[in-house]
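Student: Sequence first, predicted model second:
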Amino acid sequence: MIKNKRFSFEIRIVAGILLAVLIVAATGILSYHSLRDIVKGISEDSRPDLKLVLLKDILSDLSDAESSVKSYSISNDNQYLPSFYLAPASIEKKIDRLYGLSSNENQTLVIDSISVLVEDKFSILQNLVWVKSGDRLEESLNKVTKKIKETDKQVRKKAKEENIEEAENEAVTGYKPLRKIFSRKDKQEIQEEDVSEEKAINTEQIEFPIKEIEKEIEKIKVSEAKQTQVSRALELELTLKDKIVMDKIRALVFGMEVEENELFKVKSANAEIKARNAYVLIGSFCILVSILLLIVGYFIVSFFIKNNAYEKALEKAKTEAENLADAKAGFLANMSHEIRTPLNAIAGFTEQLLGSALKKEQQEQLEIVRKSTNHLMVIINDILDFSKLGSGKMELEQVGFSVDGIFNDVVSIMNLEANKKQLKLNYQNESKLPEVLIGDPVRLKQIMLNIVNNAIKFTENGSVKIHASSSLMGDKEFLLKISVSDTGIGIPIGKLDTVFNEFEQAENSTTRKYGGTGLGLAITKKLVENQNGRIYIQSEESVGTTITIELLYLLGFSDMLVTEEKLMANPALLKGKKILIVDDAPYNLKLLESIFAKHNIDCYQAGNGQEALRMVKSNNYDLILMDMLMPVMNGLDATKAIRKLGAEKANIPIIALTAAATMEDEAQFKKSGINDFLLKPFKEQELFIKMLKNLNLGSGCFPSQDTEPESSNVGLRKAKETGEKQIDIKFEKKAGQQQVENPYFDLRELRTQANGDIQFVNEMLSLFIKNTSEGINIIKAGIEDNSMETIRQEAHKIISPCKHIESKSLVSIC
């Protein structure tokens, strides 16, 4: 529901934002166009009107042309004419531009009229130029000048002819040459005489043409007077026409100026209207956007308020879930051994009783107890494993292990179940497997046990086959491929995708018929995926199922298979030592008391940490065996209190007896002053070795003659130290009986500790049954009262005796 509301809210927010964006975009576009028009209008208005400028330029050009003509008329100087002749082309260009700028037909007609009048104007001015250029005075003067030149030529020609004739006469008479030879006159005098003679000749000769010239001049005066009168009349006429034309041009230009001014006023009014509309539009836009932003802001603030509330609720729920998860994890951590241990004891004793002589009714009742116990153990095991995987607290090891050893262990363990159903359990490898691989052998064995157990459970007749092969991937990695095939009931095709889901089986009736929680394959899948592996299934209903696993491991070497050297202890060195046992479980106290009594070791008992502290203060002890979880005062607090006593008592070696010791626990042990720890259940030799080492009596420990290769158990030391045990089967053979395989408990260590005292074994078993039954009842009451502390303490009491009878088939799954 919250998700739907949030989705609906997000849709509204997105819709509001889109609407705001659309409105902003539309308003922005409209505002842009309006402002662009206003700016354009202002820009145009800020410039002088081009049409008016052109009209004024035309008037100016006309005035310049007119001035040039007048200047020419006055001075008769041709230098004024070029500007006049260039003016028409310039004015024509400006008139063409006016045509391009005309905004209506009326203006076009006005420009047409101006163009015609301009042509008339230049025609008149041209005529004025022609009038001035047609002045007859210069022409008449030119005629007179020409006449004078002709007369001069005639006179000179005639004089020359006369001189030639005279020279010829002198040559005949010889007078002149002789005169020149013998004459003493210089050259200058001769030249002066020649000039005088020429002047005399010219004067005589030009007397006749002068009269003709005077007549010609008189004619010119009369003609020029007439021509001047005509020119002045024409000039006056042209000037009047020019004035009329110019007035018309000015009138047209003035009309256009008036029209342009009116248009400017209209444009200004339109610009003002557009500006006003733009102001209104922008104001409306701002108001609308503000409203939309307020609405969107309201929704966003509401969202953040709700989101904060949701986050707080989620944080609270998360905290509660984490607390619950931590509580569950703590509960499971403390109860993992404790819950299964009494069930293990019940199942084991039930098996023992079923093997004895019983009445038929008792046999049937015990059979019901056995089946119920087995069913409950399977459920608890699956739930605990799945809880570990779900919390991510299952760590993977990287140690060397024997692949064949793993498969042989699995076959040995599961043969019992297969034999019960008369099924054949076969293991074969296609090619030689590597001797050693590096990975997590515990998880590989758990995967195989889950799959093989599943195959046996759903197979009524036929066989279960395990096939393994490997292939080299690169230089150092091997792909291990494992297939487990059965001839069981199979799985419908439609259910293949769901078999790996939690709490699901192929059919609902499967749980009722075969039992289980539906977690087996889910756990297996998670284990495979945690190792970056792959698992897939093939099945045909009523034919069988094949599950294939692919896991990648590093290649190992034979020297990685560690052979652990066993030590033996000499308990005789502990005689005379005073040992204080601190434990609230009667079973543990009874067991340790019996072990020490057998070797004549003095021991004293305390039921909790407070009692132990009081005894240490008033007595001297050589070593303390301290349980960790006890009422009144636990082992850690008791150890801290002891370390605060006097120097001699503060240095007493203390060994912690605990069901599980993680790295965090070890750190706490050292911090509180604990010297060493021993995991429950422990063997007698392990106990003595720890005691001798902490009493500085290490010489009492010596190597055993036997060494036990760890095989598939290599690298499991860490699992053991964290309280995790591999699944294993112990075999017990009684005198006169065939070997009996019992997957639930092993009493050999208890018998070893009893040193052949059967009565001691019976007492310990009776005490186990009594204490376990009481513990279960207290746990039930704690569950009803929801008292986790009570459950934890009682469960801790139960775990130790269960471990002492070595119920590893249950303990290993913790």
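Tutor: Alright, I've got the coordinates.
Student: Domain-wise, how is this protein divided?
Tutor: Annotated domains of the chain cover 136-352, 361-560, 565-709+744-811 [automatic domain parsing].
Student: Of these, which shows the lowest average pLDDT?
Tutor: Mean pLDDT per stretch puts domain 136-352 lowest among the domains of the chain, at a mean of 67.
Student: and the gap between residue 308 and residue 296?
Tutor: Counting by C-beta to C-beta, to the nearest Å, the gap from residue 308 to residue 296 is 18 Å. Yep, even glycine has a C-beta here, placed from its N, CA and C like the rest.
Student: Leaving out sequence neighbours, find the closest residue to residue 641.
Tutor: residue 613 (5.1 Å; C-beta to C-beta, 6 or more residues apart in numbering).
Student: Can you name the next helix or strand after the helix or strand hosting the one you found?
Tutor: Residue 613 is located in helix 609-618, with elements delineated by DSSP states H and E. Next in sequence after helix 609-618, counting helices and strands by DSSP H and E, comes strand 623-627.
Student: Do a quick rundown of the helices in the stretch 651-800 of the chain.
Tutor: Assigned by DSSP state H, counting those that start in this stretch, the helices in the stretch 651-800 of the chain fall at 663-672, 684-694, 717-721, 748-754, 758-785, 788-804.
Student: Show me what counts as buried in the second one.
Tutor: It refers to helix 684-694. For helix 684-694, the neighbour count (16 or more other C-beta atoms under 10 Å) marks 684-685, 687-694 as buried.
Student: Same question for the first one.
Tutor: For helix 663-672, a neighbour-count test (16+ other C-beta under 10 Å) marks 665, 669, 672 as buried.
Student: on that earlier part again, ok now do the residue nearest to residue 641, which residues does it touch?
Tutor: Residue 613 makes contact with 633, 638, 641-642, according to C-beta atoms under 8 Å, 6 or more residues apart in numbering.
Student: In JSON lines: the buried residues of helix 663-672, plus distance to residue 70.
Tutor: As requested, these are exported to JSON lines (distance: C-beta to C-beta, whole Å):
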{"residue": "665", "distance to residue 70": "127"}
{"residue": "669", "distance to residue 70": "130"}
{"residue": "672", "distance to residue 70": "130"}
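Student: Tell me how many other residues surround the closest residue to residue 689 other than its chain neighbours.
Tutor: In space, and not counting its chain neighbours, residue 689 is closest to residue 569: 4.7 Å by C-beta to C-beta, 6+ apart. Using other C-beta atoms under 10 Å, residue 569 has 21 other residues around it.
Student: how much space between residue 569 and residue 789?
Tutor: Using C-beta to C-beta, residue 569 is found at 37 Å from residue 789.
Student: And the strands in the stretch 401-550 of the chain?
Tutor: Applying DSSP state E, counting those that start in this stretch to the stretch 401-550 of the chain gives strands spanning 424-429, 437-439, 463-473, 477-486, 534-540, 544-555.
Student: Buried deepest among the ones you listed, which one?
Tutor: With neighbours defined as mean count of other C-beta atoms under 10 Å, the strands of the stretch 401-550 of the chain peak in mean count at strand 437-439, which reaches a mean of 23.
Student: That one pairs with which strands?
Tutor: According to DSSP bridges, strand 437-439 has the following sheet partners: strand 399-401 (antiparallel), strand 544-555 (antiparallel).
Student: ok, residues contacting it?
Tutor: When contacts are defined by C-beta under 8 Å, 6+ apart, strand 437-439 is touched by residues 396-401, 403, 478, 480, 531, 551, 553-556, 560.
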